[in-house]
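# just need the structure, nothing else, for what follows:
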Amino acid sequence: MKKVFTLMIALLSIFATAQAADVVFNVVVPQDPTKPNTHVTNQVWIVGNFNGWNNNDKKMTKVDDTHYTITMDDATWGKDNNVQVTTANLQYKYLSGGGDWAYVEKRDSAGVEKELSNRSYTAVKNDTVARWALTWKDIVPIPKTVTISALVPVEVVQLYIVGTFNGWSIPTDSTKMTLAETTIDGKIFNVTFKSSDVNKLKYKFCAGPAWDYEQTVGDIVYPDVTQNTAQHSITAFKKIFDPTKVGNINITATVPAGTQRAWIMGSHLGWSWPKLEEGVKNINGTFTFVAKNVMSIEYRLYNWDTAWSHPEAKDGEPTAERPNRIANFPADANIAITVSAWRNEAPNGLIGLDANKYKIYTTNKSIVVEGVTSKAELFDISGRSIESKVMSGTFRSAMLNAGLYIVKIDGQTQKVSVK
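The predicted model follows:
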């Protein structure tokens, strides 16, 4: 009997081992010392929807100077937009350092640095990183006040600078550069600001107060951390802003039946989710949106104000995301569009927690909700699941980074800011 019992335990152990799903990631990384800003790899991290895009969580093991590896058990992976992450829906990227998106991988496109789309998983293969946005270096940060000059075409009326120093926010008056002089070669604009670490300082120029007017070349890495000045020549922009040709673009949208609320996001809002604008619902069920004082915009509509995963769908492809729409003033001062479908159905509206039932506040970088009766859930502003607990009493989240989050308590949902 003892032998039979031992055999059963052994078989169960083998079965359990067979069910374990170890997922292996191998990556080939650049190692070119002639390009130290983007092509020297000192460490590699992996980040994805499996860990809520926590970029300071999974450090890979170095095999040699150009090869790194990591093995993960997919049973430890979390959820993405309430769906369990598996190799089938896995999305991920690599970074050359932990804790900062400044180190994210990029791709080369005809010699120009471009964003890399999220990777999907294919077993038994090596990924390859073409270049890093910036490589992590084990050195002391160098805070510095810098002055940056840019020579641009004479047609440029206004010039803005954005970058790591201001969180890549939308170009505004706070990042507007000053015209120094006009020469036969073009106009020279200057700006002076303080960078917390010029080792990681990257930026780009915009010939207008929106991303529609950004330079056509990739991000610029501060050229010499020992110097307080840098000079650049930018010859081309996507568009050049003309302040004499701006106005309001009024959009009337026909939406799928049953749509209760709708929002607009676009270049005029800096593609910054906290600046999302809700449309006005008309008596006939359409929605009206207004983009004020713009020359041109790229935009898209959404049917939920907490997740990038709820945009309008591509015509004829309800599971695909629609490409950005484009509108130009004055040709599109008053336009009508039709949303054929939403990529995902919106949940019940965010009406906020019942103040008579719950007490919600933040303390020590955590969100606390008192009065939970059945379940507490926490999401980031993109709708990715961070925590989920079946419980009653007081919910206290883990320590969080500063930003906007969504709490869902007993089916009620509310946005919360952590500072």
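# tell me who's in contact with the nearest residue to Asp138 once chain neighbours are set aside.
In space, Asp138 comes closest to Asn42 once its chain neighbours are excluded; the distance is 6.9 Å by C-beta to C-beta, 6 or more residues apart in numbering. Quick note: C-beta positions are derived from backbone N, CA and C, even for glycine. Residues counted as contacts of Asn42 (C-beta atoms under 8 Å, 6 or more residues apart in numbering) are Ser96, Gly97, Thr135, Trp136, Lys137, Asp138.
# and the last one, helix, strand or coil?
The reference is to Asp138. Assigned state for Asp138: coil (three-state reduction, DSSP: H, G, I helix; E, B strand; the rest coil).
# distance check, it against Thr175.
Asp138 sits 31 Å away from Thr175 when distances are taken as C-beta to C-beta, to the nearest Å.
# who's more crowded, the two?
Thr175 (21 against 7; other C-beta atoms under 10 Å).
# ok, that one touching Tyr160?
Yes. With contact taken as C-beta atoms under 8 Å, Thr175 and Tyr160 are classed as touching, separated by 5.1 Å.
# let me know the closest of the contacts of Asn42 to Glu277.
Comparing those against Glu277 with C-beta to C-beta places Gly97 closest, at 35.2 Å.
# what about that closest one, neighbour count?
When neighbours are counted by other C-beta under 10 Å, Gly97 registers 24.
# spatially nearest residue to it (excluding sequence neighbours)?
Spatially, and ignoring its direct neighbours in sequence, Gly97 is nearest to Trp136 (2.6 Å; C-beta to C-beta, 6+ apart).
# near that neighbour, how many other residues are there?
Trp136, neighbours per other C-beta under 10 Å, totals 22.
# renumber starting at 531 from here on
Understood, numbering begins at 531; the last thing we discussed is Trp666.
# how near is it to Thr705?
Here the distance between Trp666 and Thr705 works out to 26 Å (C-beta to C-beta).
# one more: Phe767?
Taking C-beta to C-beta as the measure, Phe767 falls 15 Å from Thr705.
# hang on, the residue nearest to Gly627 packs against Gly629?
No. Trp666 sits out of contact with Gly629 when judged by C-beta under 8 Å, with a separation of 9.3 Å.
# related to what we said a few turns ago, can I get the contacts of Asn572 in JSON lines including pLDDT?
Conversion of these to JSON lines gives the following (pLDDT from 0 to 100):
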{"residue": "Ser626", "pLDDT": "91"}
{"residue": "Gly627", "pLDDT": "90"}
{"residue": "Thr665", "pLDDT": "84"}
{"residue": "Trp666", "pLDDT": "84"}
{"residue": "Lys667", "pLDDT": "81"}
{"residue": "Asp668", "pLDDT": "75"}
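# give the contact list for Asp587.
Residues Trp575, Val577, Asn581, Gly628 are the ones in contact with Asp587 under the rule C-beta under 8 Å, 6+ apart.
# output the below-cut-off pLDDT ranges for the stretch 631-780 of the chain.
Under the criterion pLDDT under 70, the flagged ranges of the stretch 631-780 of the chain are 638-644, 654.
# domain-wise, how is the protein divided?
The chain resolves into domains spanning 532-662, 674-763, 777-868, 889-948 when parsed by automatic domain parsing.
# distance to Phe771 added to those domains, as CSV?
Formatted as CSV, the entries for those read as follows, by distance: least, C-beta to C-beta, whole Å:
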stretch, distance to Phe771
domain 532-662, 22
domain 674-763, 3
domain 777-868, 6
domain 889-948, 29
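# burial count for Glu663?
For residue 663 the amino acid is Ala, not Glu. For Ala663, the neighbour count with other C-beta under 10 Å is 24.
# phi, psi for it please.
Geometry field for Ala663 lists phi and psi as phi -60, psi -40, criterion degrees, to the nearest 10.
# tell me the secondary structure for the closest residue to Ile916 other than its chain neighbours?
For Ile916, the nearest residue in space outside its immediate sequence neighbours is Leu908; the separation is 4.5 Å by C-beta to C-beta, 6+ apart. Of the three states, Leu908 takes strand according to three-state DSSP.
# tally up the residues packed near Leu908, please.
Close neighbours of Leu908, defined as other C-beta under 10 Å, add up to 23.
# may I have the beta-bridge partners of it?
For Leu908, the beta-bridge partners are Glu917, Val937 (DSSP bridges).
# Val899 versus that one, what's the distance?
The span separating Leu908 from Val899 equals 9 Å under the rule C-beta to C-beta.
# now the common contact residues for those two.
Both Leu908 and Val899 are in contact with Val937, where contact means C-beta under 8 Å, 6+ apart.
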